[in-house]
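# Give me a model of this one.
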Amino acid sequence: MTQDTHKAAFQSIADAMVASQDGVEHGKMMSHPAIAYRGKVFAFYASRDDMAFRLGAGFDLAPFGITDFELLAPFKTKPPMKDWFRISAADAPHWPKLAEHALQRMRDGA
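Here you go, the predicted structure:
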């Protein structure tokens, strides 16, 4: 897959969620395209052919078969954000389910 293909996969997920989920809208996160629920971002397309999801600190990715991930660390002088996970394009087939989980978490008030 190419970067354009990955970005198109993100856009497809975002468009589907905006069309089918009440309160979900397109947004921006650190100048990247994002998916938000009532103005709060829960997922976005990051710059290295990956998506970042706000899944919650300590979220277990093992049931998804994902072992290669990073915590989001956008600031050089601050530690990583423990509730945000960067998931590479190698695991793009899991992006829709992770986006759904992040949305549900947001709806639940987390």
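# Point out where the protein drops to low pLDDT.
For the chain, the stretches with pLDDT under 70 are 1-3, 110.
# burial count for A16?
Counted with other C-beta atoms under 10 Å, residues neighbouring A16 total 14. Quick note: C-beta positions are derived from backbone N, CA and C, even for glycine.
# Same question for the one 10 residues further on.
Other residues within reach of H26, judged by other C-beta under 10 Å, total 13.
# This structure: helices as residue ranges?
With DSSP state H applied, the chain shows helices at 3-20, 95-107, listed in chain order.
# For those helices, could you give me CSV that also reports distance to L55?
Listed next are the helices of the chain as CSV, based on distance: least, C-beta to C-beta, whole Å:
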stretch, distance to L55
helix 3-20, 15
helix 95-107, 6
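# For H26, which of these is the nearest?
Ranking these by proximity to H26 (C-beta to C-beta) places helix 3-20 first, at 6.0 Å.
# Show me which residues of that closest one are buried.
Under the neighbour-count criterion of 16 or more other C-beta atoms under 10 Å, helix 3-20 has H6, A9, F10, I13, A14, M17 buried.
# what does stretch 58-67 give?
Of all the residues in stretch 58-67, those buried under the rule 16+ other C-beta under 10 Å are F59, L61, F64, I66.
# Can you lay out the buried residues of helix 3-20 as CSV showing distance to A52?
Shown next, in CSV, are the buried residues of helix 3-20 (distance: C-beta to C-beta, whole Å):
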residue, distance to A52
H6, 13
A9, 14
F10, 11
I13, 13
A14, 13
M17, 15
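# how about the residue lying closest to D49 once chain neighbours are set aside, what does it touch?
Residue nearest to D49 in three dimensions, not counting chain neighbours: A89, with 4.3 Å by C-beta to C-beta, 6 or more residues apart in numbering. Shown in contact with A89 (C-beta atoms under 8 Å, 6 or more residues apart in numbering): M1, H6, A9, D49, D50.
# That concludes my questions; thank you for your assistance.
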